[in-house]
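Colleague: Just need the structure, nothing else, for what follows:
(one chain, ligands or ions: 2)
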Amino acid sequence: MTEQASENGHDYRRVLLKISGEALMGDGSYGIAPQMVDTIAGDVAAVAQSGVEVCLVIGGGNIFRGVAAAARGMDRAQGDYAGMLATVINALMVQNALERHGVPTRVMSAIHMSSVAEPYIRRRAVRHMEKGRVVIFAAGTGNPFFTTDTAAALRAAEMDCDALLKGTQVDGVYSADPRKDGNATRFETLTYLDVLAKDLHVMDAAAISLARENRLPIVVFNIHAPGAFSRVMRGEGLFTRIVEAR
Ligand SMILES: Nc1ncnc2c1ncn2[C@@H]1O[C@H](COP(=O)(O)OP(=O)(O)OP(=O)(O)O)[C@@H](O)[C@H]1O
Ligand SMILES: O=c1ccn([C@@H]2O[C@H](COP(=O)(O)O)[C@@H](O)[C@H]2O)c(=O)[nH]1
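Modeller: Ligands and ions are numbered 1, 2, ... in the order given. Got it, this is the predicted structure:
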């Protein structure tokens, strides 16, 4: 993906993987499928154990989305706080699965809940990763009216990651939502401005803008297939890259 491979055999030294909450549902329509969590954890473990520093942001869409609750009459900010708490549940599930794969982990939450997670402190997070721990950033940005995509771009920039990988339900960015339009075509590479100008909804505009300002490459891929994260890290399989210039 980048021209220069590093000593660990991968193109990247440190990456942030955003896992969509919906990916944790497996074939279900709500909640958490333990087998799917285990498959993703195994994939993350393989990359982390190869020497790449990995941090995670996990969505909450499998449990609760503030915007959907607001459409049903709930106060938006209140709904968003519930959504952020949903991401903490997912973070704890993934932490447990990673530890069963022998990976040391820390959950750091943007909303203080000292009984279950460390508070997010940027310099501590960096230190955890330097020690080989996978850090899971929970509770998004800690603020309503944002999404975990934006939290992922924010944390990736703060952690000085080489790339933000978005593991989702589709194998890249399409000309239209491929789950709704069978004629949609997949892009190999896009610029940040392409995504914004074409209004491609794979990620929210705030996340794309933040990544652009920080020259943070984004890679969108389907996380459902076993080993998908490892393959994308080697530049294999299907994905779309979002970068400054094509
Ligand atoms: N142009 C597009 N190209 C690819 N996917 C698109 C596009 N427009 C909309 N989508 C949809 O965006 C989805 C990706 O967002 P995703 O479901 O991962 O949401 P999320 O907010 O990141 O996570 P969560 O599931 O936690 O809400 C894909 O499943 C796809 O159906
Ligand atoms: O910074 C943030 C991140 C998330 N939220 C709320 O959580 C849910 C779940 O996140 P997804 O990105 O949709 O998976 C989201 O819908 C928001 O309601 C938030 O408020 N702030």
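Colleague: Neighbours of the closest residue to A163 other than its chain neighbours, how many?
Modeller: Closest residue in space to A163, ignoring its immediate chain neighbours: P217 at 4.7 Å, by CB to CB, 6 or more residues apart in numbering. (Each C-beta comes from the backbone N, C-alpha and C, glycine too.) Counted with other CB atoms under 10 Å, residues neighbouring P217 total 20.
Colleague: and P217, what pLDDT?
Modeller: With respect to pLDDT, P217 scores 98.
Colleague: And A225, by the same measure?
Modeller: At A225, pLDDT is 88.
Colleague: Around it, how many other residues sit close by?
Modeller: For A225, the neighbour count with other CB under 10 Å is 14.
Colleague: quick one: low-confidence ranges for the chain?
Modeller: For the chain, the stretches flagged by pLDDT under 70 are 1-7, 9.
Colleague: can you name the farthest residue from the center of the chain?
Modeller: Most distant residue from the mean C-alpha position of the chain: G73, 28.6 Å away (CA atoms, centre = their mean).
Colleague: And it, which helix or strand is it part of?
Modeller: According to DSSP states H and E, G73 maps onto no helix or strand at all.
Colleague: Q95 too?
Modeller: Using DSSP H and E, Q95 falls within helix 76-100.
Colleague: For ligand 2, tell me whether the following helix or strand past that helix is touching it.
Modeller: Remark: after helix 76-100, the chain's next helix or strand is strand 105-109, criterion DSSP H and E. No: contact of strand 105-109 with ligand 2 (CB under 6 Å from any ligand atom) is absent, the minimum separation being 11.6 Å.
Colleague: Look up phi and psi at A71.
Modeller: A71 adopts backbone torsions of phi -60, psi -20, taken as degrees, to the nearest 10.
Colleague: roughly how far apart are it and ligand 2?
Modeller: Going from A71 to ligand 2 by CB to the nearest ligand atom, to the nearest Å gives 11 Å.
Colleague: Give me the three-state assignment for G60.
Modeller: For G60, the assignment made with DSSP: H, G, I helix; E, B strand; the rest coil gives coil.
Colleague: Not counting sequence-adjacent ones, nearest residue to it?
Modeller: A86 (3.4 Å).
Colleague: since we're on the one you found, how many residues are nearby?
Modeller: A86 has 24 neighbours, counted by other CB under 10 Å.
Colleague: swap in M108?
Modeller: By the criterion of other CB under 10 Å, M108 has 21 neighbours.
Colleague: so who does the residue nearest to A163 touch?
Modeller: 1, 162-164, 211, 241-243 (CB atoms under 8 Å, 6 or more residues apart in numbering).
Colleague: One more: V88?
Modeller: Contacts for V88 (CB under 8 Å, 6+ apart) come out as 107, 109, 111, 113, 116-117, 138-139.
Colleague: Quickly check those for the two that are furthest apart.
Modeller: Spatially, the most separated pair among the contacts of V88 is V107 and I111, at 11.7 Å (CB to CB).
Colleague: Pick out whichever of the two has more residues nearby.
Modeller: Comparing V107 with I111 by other CB under 10 Å, the one with more neighbours is V107, at 22 against 18.
Colleague: Distance check, the residue nearest to that one when sequence neighbours are not counted against N214.
Modeller: Of all residues not flanking V107 in the chain, A117 sits nearest, at 4.1 Å (CB to CB, 6+ apart). From A117 over to N214 the distance is 25 Å, taken as CB to CB, to the nearest Å.
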